[in-house]
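Okay, sequence plus prediction incoming.
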Amino acid sequence: MVMGPTHAMSGAAVGLAVAQMLPAEWGGVTTAQEAFVYAGLAAGAALLPDLDSPQATVARSFGPLSQVVSRGVENFSQGVVNLTRGRRDPRCNNGHRTLTHTVWFALAAGAGATALIGAYEKPAVIGLLFFLLSLAIRGLLPEWSKKHDWIVVTGAAAALAYGAWTFVPAASLGLVMGSAVTVGVVTHLLGDMATKAGIPAFAPVLPLRGRRWWKLRLPGFLSIKASGPGDKALLSIFSVLVVIQIGFVASPPLIAALGL
Ligand SMILES: [Zn+2]
């Protein structure tokens, strides 16, 4: 597993980049505030797949409640693997890094968010933002989060989400904001793909040599170790990218001055 901060920071960096690229005709992101909401959703969603690991910091985001949910996700994922495994897949004893680490989960999570926002509009965006920011804060500030009770962390997320209320337009932004969730999950998957264990990206749909839960990973020389130098370098790179982009998003005059 890549470190939580790397996942969250890469989600924020990719989220900010995508927010700036979305075409306005799609009802896209048009203001700096919307770009930050988009990035917040993506940063939190970049931790979502690890809800399948009750030991992960994100699984403690909402105290005992999220640990129960996390255990449920882990058991359910394990069940799905054992139901769908190919004849050469080993029996699965732990659901971590299985179902929630596939492209199908990335699409389903985005579709779920889109449907939710389509049905409930603004309150759904704020609700999702609150939930995902709780994960993002845990991911970005694991030490601070550990020092404080989960209620403090959750309260901080609630305050931020509440603050975003005035910035989120009342009109439906379903597909656009929903896509932030898929962007975040995909960023997480790419991060995990860079580690030795890899991820079953296309399982169980695409079989390979008798296996349905085969792992997709980068070639050995490119793979990185969690909390190792590669992981730390990625965290620094994504942090710099976030800072630069915040500058661009928050101050259009800066972009004009640079002639971009
Ligand atoms: Zn993961």
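Thanks, I have the structure now.

Near the ion, which residues of the stretch 1-150 of the chain? Just list them.
Neighbours of the ion within the stretch 1-150 of the chain, by C-beta under 5 Å from the ion: 49, 50. Any C-beta I mention is one placed from the backbone N, CA and C, and that applies to glycine too.

Look up how far residue 242 lies from whichever residue of the stretch 151-260 of the chain sits closest to the ion.
Across the stretch 151-260 of the chain, no residue is closer to the ion than residue 192, which sits at 4.4 Å (C-beta to the ion). Remark: distance between residue 192 and residue 242 (C-beta to C-beta, to the nearest Å) = 20 Å.

now residue 56, nearest residue through space, not along the chain?
In space, and not counting its chain neighbours, residue 56 is closest to residue 50: 4.5 Å by C-beta to C-beta, 6 or more residues apart in numbering.

So the one you found is in contact with residue 188, correct?
Yes. If you go by C-beta atoms under 8 Å, residue 50 and residue 188 touch, sitting 7.5 Å apart.

Give me the common contacts of these two.
residue 7 (C-beta atoms under 8 Å, 6 or more residues apart in numbering).

center of the protein - which residue?
residue 46 (1.5 Å; C-alpha atoms, centre = their mean).

Now do that residue against residue 194, distance only.
From residue 46 to residue 194 the distance is 14 Å (C-beta to C-beta).

what's the neighbour count on the spatially closest residue to residue 33 that is not a sequence neighbour?
Closest residue to residue 33 apart from its sequence neighbours, by C-beta to C-beta, 6+ apart: residue 167 at 3.6 Å. For residue 167, the count of nearby residues is 12 (other C-beta atoms under 10 Å).

same deal with the one 10 residues further on?
Residues within reach of residue 177, counting by other C-beta under 10 Å, total 26.

Flag every buried residue along stretch 99-114.
Applying a neighbour-count criterion of 16 or more other C-beta atoms under 10 Å, one finds 99, 100, 101, 102, 103, 105, 106, 108, 109, 110, 113, 114 buried in stretch 99-114.
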